[in-house]
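Q: Below are the sequence and a predicted model; questions follow.
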Amino acid sequence: MHVPDELRGFRTLFESFHHFRPEQARRILQDAVDRGEGIAIVEITERSVLGLLFLLLVSPISVYTLTPFAKPFTWWRLALTYVVPVAPVLSLWESAVSCLRTYTEEELREMTSSLSGQPYRWVFGKAFDKGPVCWLMGSPITPTNGESRSAPSSH
């Protein structure tokens, strides 16, 4: 919500924005605007029936498939995955909650429209090629040409 002055450059948040409450999320965006930095937010979760079903299917399969390769190796991890399936159940719960907390495009539009300061170009996108991917990208509009510095294409 307040990146230190010495950390300059394009900001990225992958699969984390849904963990912030609306006012915190808005302050993250406002801080990028205040400092004139570009920002990209990418989520593989989506608040929709399709997004929820996708993660509820993929989540336990991922846990069962990837657990033997997790480092450091522990017998407890194997026991809590295959003998008493605590890890897959927790993964299902986390996936469901993440889907339900992910901001919709309308909520992100409302958030960005309430920001103050220099003009920004905001691009919202969504794809469902290999699962849901939603993104928000923002960058300052330069006064010389009216376009943003590295403006992404709209989808």
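A: Received it, and whenever you're ready, just let me know what you need.
Q: So the chain: which segments form each domain?
A: Domain assignment for the chain, taken from automatic domain parsing, gives 1-47+102-155, 49-101.
Q: mean pLDDT for the ones you listed: which is lowest?
A: For these, the stretch scoring lowest in mean pLDDT is domain 1-47+102-155; its value is a mean of 87.
Q: What residues of the strand or helix carrying W135 count as buried?
A: Mapping W135 onto the secondary structure by DSSP states H and E places it in strand 133-140. Neighbour-count burial for strand 133-140, with 16 or more other C-beta atoms under 10 Å as criterion, is recorded at C134, W135, L136, M137, G138, S139, P140. In this view, the C-beta of every residue, glycine as well, is placed from N, C-alpha and C.
Q: Tabulate the CA atom coordinates of that strand in CSV.
A: Taking only C-alpha atoms (Å, rounded to 0.1, in the frame of the first residue of the first chain), the coordinates of strand 133-140 have been written out as CSV:
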residue,chain,number,x,y,z
VAL,A,133,-6.8,-15.7,-16.1
CYS,A,134,-8.0,-12.2,-15.3
TRP,A,135,-5.8,-9.1,-15.3
LEU,A,136,-5.7,-5.4,-14.7
MET,A,137,-2.9,-3.3,-16.0
GLY,A,138,-2.4,0.4,-15.5
SER,A,139,0.2,2.9,-16.7
PRO,A,140,0.5,6.7,-16.7
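Q: can you give me the strands for the chain?
A: With DSSP state E as the criterion, the chain has strands at 11-14, 39-43, 120-127, 133-140.
Q: Tell me the one of the buried residues of strand 133-140 nearest L29?
A: Nearest to L29 among those, counting by C-beta to C-beta, is G138 at 7.0 Å.
Q: Sweet, I'm off.
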